[in-house]
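Visitor: Sequence and predicted structure, then a few things I'm wondering about:
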Amino acid sequence: MKKLVVAIGSVKIGGDYPIAVQSMTKTKTRDTKATIRQIRGLEKAGCELVRLAIVNRDDARAIRKIKAAVKVPIIADIHFDYRLALQAMDAGVDKVRINPGNIGAEWKLEEVIKRAKERHLPIRIGVNAGSLPGDVIKKYHHPDAAALVETVERSLEIFSRLDFKDVVISAKGADVRNTIEAYQTISNRFPYPLHIGITEAGPLFTGALRSGAGLGVLLYNGVGDTIRVSLTAEPVKEVIAGYEILNALGLRRVGPILISCPLCGRAEVNLMPVVREVQKRLRRYKNFMKIAVMGCIVNGPGEVREADFGIACGKGIGAVFSKGKEIRRVKEDRLVDTLFEVIDENIDN
């Protein structure tokens, strides 16, 4: 089902728009210097939407100053106190996330919807498995997919009654299978764009794997309009992981993709430091391109010819390729320098 289009500041999601990559700051929002510094780092990494935790009035008041200092659209993340959502909207936020499991009485949500309608701002119904309404947990006993979906349905009834359509939905859990099932059901039932993610996915390595497993299934099946990879790590890592997932599925073409062989006894070159150095130097490029670094003659030449640029290694030497053609052969200690000389000579700017 093609989703309705929702505008979040300058970024549109849903319809045929690209899947947007977002993250969340890990600073105290009221510490405006630290928060602005972190957002600018996210902007540099290509983050398209940034969410801030709004815990108290000082956080809400800080939004105005933060907005003036950054370019990326800002989302206020609200739990418990509906008044903070009202203050955030008055301060100029581009979108509000509300957790229906802890926002309180229905009239409080209605007040938020009315203010958003006045200001033409979207709202995300942000359902989390860890904070579902008490009666929903009592009914289902566990925060399974059905519990997530019912919580979304209840909230949408209020939005529908107030004729509010600028809605984004999320229904996240730490359990990958439950989250996939919930999003698949929601995607089939409702026309609103979906913010997808595996919440509390974990530290960098395992969290990225769990997020890739869950988001990969959903995205491959056409579910999802914006993503956040939730990691116990610096937020820029979330953005990098998000683009890696989208690039792997061919859904976005942002930045370089590095392909490298896993190594085996056939390798004649010490490839690990070569790959690390290539990965490090690729950070300065924004162009989409496929780079292959291969360690032996089995798959090396074939993979490198399919890449935009690459290295196929032999014993102590390597061939550097560009657009499927071998350009130079150099010794191992010159491989990385030569590869980037070739990239800079032939890259499409």
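Guide: Nice, I can see it.
Visitor: just how off-centre is stretch 198-215 within its chain?
Guide: Distance of stretch 198-215 from its chain centroid, counting by CA atoms, centre = their mean, to the nearest Å, is 11 Å.
Visitor: An error on my part: the question was meant for stretch 68-80.
Guide: 16 Å.
Visitor: Quick one: end-to-end length of it, please.
Guide: 27 Å (CA to CA, to the nearest Å).
Visitor: model confidence over it, on average?
Guide: What stretch 68-80 shows for mean pLDDT is 97.
Visitor: just stretch 274-285 next, same as before
Guide: Stretch 274-285 carries an average pLDDT of 92.
Visitor: Just the buried positions in that stretch, please.
Guide: 274-275, 277-278, 281-282 (16 or more other CB atoms under 10 Å). Just so you know, the C-beta spots here come from the backbone N, C-alpha and C atoms, and that holds for glycine as well.
Visitor: Just give me the residue right at the centre of the protein.
Guide: residue 228 (3.3 Å; CA atoms, centre = their mean).
Visitor: on that earlier part again, nearest to residue 50, of the buried residues of stretch 274-285?
Guide: Of all these, residue 50 sits closest to residue 282, with 24.1 Å by CB to CB.
Visitor: just checking, the closest one touches residue 259?
Guide: No - using CB atoms under 8 Å, residue 282 is not in contact with residue 259; the gap is 11.7 Å.
Visitor: Touching both of these two, which residues are there?
Guide: Counting by CB atoms under 8 Å, 6 or more residues apart in numbering, the contacts common to residue 282 and residue 259 are residue 291.
Visitor: Return the member of the buried residues of stretch 274-285 nearest to residue 125.
Guide: residue 282 (38.1 Å).
Visitor: Can you tell me what sits against stretch 269-281?
Guide: 258, 260-261, 263, 291, 293, 295, 311, 313-318, 332, 335-336, 339-340.
Visitor: Please flag which of these sit within helices.
Guide: Using DSSP state H, the members of the contacts of stretch 269-281 that fall in helices are 335-336, 339-340.
Visitor: Let's have those residues in a markdown table, adding distance to residue 30.
Guide: Below are these laid out as a markdown table (distance: CB to CB, whole Å):
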| residue | distance to residue 30 |
| --- | --- |
| 335 | 49 |
| 336 | 44 |
| 339 | 46 |
| 340 | 43 |
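Visitor: Please, where are all the strands along the stretch 1-150 of the chain?
Guide: Secondary structure of the stretch 1-150 of the chain, counting by DSSP state E, counting those that start in this stretch: strands at 6-8, 11-13, 20-24, 49-53, 74-78, 95-98, 123-128.
Visitor: what sits against residue 69?
Guide: Applying CB under 8 Å, 6+ apart to residue 69 gives the contacts 32, 36, 39.
Visitor: How about the last one, nearest residue that isn't a chain neighbour?
Guide: Same thing as residue 39. Closest residue to residue 39 apart from its sequence neighbours, by CB to CB, 6 or more residues apart in numbering: residue 70 at 4.7 Å.
Visitor: wait, what's in contact with that neighbour?
Guide: By CB under 8 Å, 6+ apart, the contact set of residue 70 is 36, 39-40, 43, 50.
Visitor: Let's see which of the buried residues of stretch 274-285 end up in helices.
Guide: Among the buried residues of stretch 274-285, DSSP H puts 274-275, 277-278, 281-282 in helices.
Visitor: and the least confident of the ones in helices among the contacts of stretch 269-281?
Guide: Looking at the ones in helices among the contacts of stretch 269-281 by pLDDT, the weakest one is residue 335, with 90.
Visitor: looking at it, that residue is touching residue 314, isn't it?
Guide: No - checked against CB under 8 Å, the pair residue 335 and residue 314 is beyond contact range at 10.9 Å.
Visitor: Looking at those two, which has the bigger crowd around it?
Guide: Neighbours per residue, other CB atoms under 10 Å: of residue 335 and residue 314, the larger number sits with residue 335, 24 against 15.
Visitor: Count residues in the vicinity of the residue nearest to that one when sequence neighbours are not counted, would you?
Guide: Distances taken as CB to CB, 6+ apart place residue 318 nearest to residue 335, at 4.6 Å, with adjacent residues excluded. Look at residue 318: counted by other CB under 10 Å, it has 30 neighbours.
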